[in-house]
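[1] Fold the following and give me the result.
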Amino acid sequence: MKVLQLIDSLEAGGAERVAVNIANALSSNIEGSFLCATRKEGLLKESLSTKVGYLFLNKTKTLDFTAIKTLSSFIKEHEIQIIHAHSSSFFLATLIKLLNRKIIVIWHDHFGNSEFLSNRKAGVLKWCSKYFTHIFSVNKSLETWAKQNLKCRSVTYLPNFATINQVLAKTSLKGEEGKRIVCLANLRPQKDYITLLEAFAIVLKRHPDWTLHGIGKSFNDDYAKSIDNKIKELDLSKSVYLYGIKPDIYNILNQCEIGVLSSKSEGLPIALLEYGLAKLAVVATKVGECESVIAHQHNGILVNPSMPNELSNALSLYIENPELRHDFAMRFNRQIEKNFSQKKQIETILSTYNSYLK
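    Reported below is the predicted structural model:
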């Protein structure tokens, strides 16, 4: 079996992490595992196994005929049978399918605004979906949406999985050891850093020696500026640190005690799974699949989105109760190891691939 993961970039986002994780995991399980980044390379290229065949297209427009020809030739040269297309790369996968009808296209839907699916534009996607053999959806809302709105007959829910990052330790976090909270999220409105900052400002009134650490890409846009302004407004510059994107996630998480997600909307966040692997106590909002990942009231704390008082109370509960924090962290770690392991999800993916190659 030979399979190509198709992804727009290798920047440090959730869909990109999944594509790299799957490509790496498959490299030990099938004859040929490949990955193609269509538009941009990025930090995650470092994480790609040397056993994965790699292609970068440097695609510059929607209909880039040079990129289409290059990818088509690569697929024929390596006798690739399946394109596993992630997020918006479905369009290029469909074009390749039209050039080679024997190719199987599986689309992986990572849509992050699953709380606002009624606003999702699906014209091109709906047309392309008749060429998909199967759709993987990262949460159950997306699975239902695909069944109701797209033309592919086979749709299943596939939880994300995380792996321990093997990049050599580089980043040293500021703040006092044993008193750090981390938020692993790009600086996008759906991640709602503003509510997190408001909550943390409340926490600091009782626990001034704790610090908050944001790991994720800034897009240098109005939202990033609003975060900077909020940090200044709340006088948090000596307690909140933003590091941008970093490759050594596991090293960073091992320097923290609490992992937090304050999102307004999610699919199934890789960050939450990574918190579990790193044995952090977690606080997350009740969006996407966060509730199903945490699964039990003693595995973590769930709060309503856009509610800074609720979020501050949850963080304070962990800070003020170290034994409870440790207990929740260990329970959550076992939950992630049992239900969101690489082994379990790769078995499901391989089973799906094989069912269409018969």
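
[2] Report the buried residues of stretch 344-358.
    Of all the residues in stretch 344-358, those buried under the rule 16 or more other C-beta atoms under 10 Å are Gln345, Ile346, Ile349, Leu350, Thr352, Tyr353. Just so you know, the C-beta spots here come from the backbone N, C-alpha and C atoms, and that holds for glycine as well.

[3] Which ones among the residues you listed map onto helices?
    Of those, the ones assigned to helices by DSSP state H are Gln345, Ile346, Ile349, Leu350, Thr352, Tyr353.

[4] pretty sure the fourth one contacts Asn29?
    Yes. The pair Leu350 and Asn29 passes the contact test of C-beta atoms under 8 Å, sitting 6.4 Å apart.

[5] Please identify which of the ones in helices among the buried residues of stretch 344-358 is nearest to Lys140.
    Closest approach to Lys140 among these (C-beta to C-beta): Gln345, at 15.5 Å.

[6] Is it correct that the closest one is in contact with Phe161?
    Yes. Here Gln345 lies in contact with Phe161, judged by C-beta under 8 Å, at a distance of 4.4 Å.

[7] Now do Thr156 against Ile135, distance only.
    Here Thr156 is placed at a distance of 8 Å from Ile135 (C-beta to C-beta, to the nearest Å).

[8] what do you get for Ala23?
    Distance from Ala23 to Ile135, counting by C-beta to C-beta: 19 Å.

[9] Likewise for His326?
    40 Å.

[10] and those two? which has more neighbours close in?
    Ile135 (24 against 14; other C-beta atoms under 10 Å).

[11] and that one, that's in a strand?
    Yes. Counting by DSSP: H, G, I helix; E, B strand; the rest coil, Ile135 is located in a strand.

[12] Report the beta-bridge partners for it.
    Note on Ile135: beta-bridge partners by DSSP bridges are Trp107, Val155.

[13] so who does it touch?
    Applying C-beta atoms under 8 Å, 6 or more residues apart in numbering to Ile135 gives the contacts Ile106, Trp107, His108, Asp109, Ser129, Ala146, Leu150, Cys152, Ser154, Val155, Thr156.

[14] Select, from the residues you listed, the two members most distant in space.
    Farthest apart among the contacts of Ile135 by C-beta to C-beta are Ser129 and Thr156. That separation is 14.5 Å.

[15] Which one's more surrounded, the two?
    Ser129 (21 against 13).

[16] what about that one, distance to Gly214?
    Ser129 sits 36 Å away from Gly214, taking C-beta to C-beta as the criterion.

[17] helix/strand/coil for Leu197?
    Here Leu197 is helix, with the state taken from three-state DSSP.

[18] you'd agree it is up against Ser237?
    No. Leu197 is beyond contact range of Ser237, at 11.3 Å (criterion: C-beta under 8 Å).

[19] For these two, indicate the residue with more neighbours.
    Leu197 (22 against 10).

[20] Strands of the protein, start to end?
    With DSSP state E, the ranges of strands along the chain come out as 2-7, 32-37, 53-56, 82-86, 104-109, 134-137, 155-157, 180-184, 211-215, 240-242, 258-261, 281-285, 301-303.
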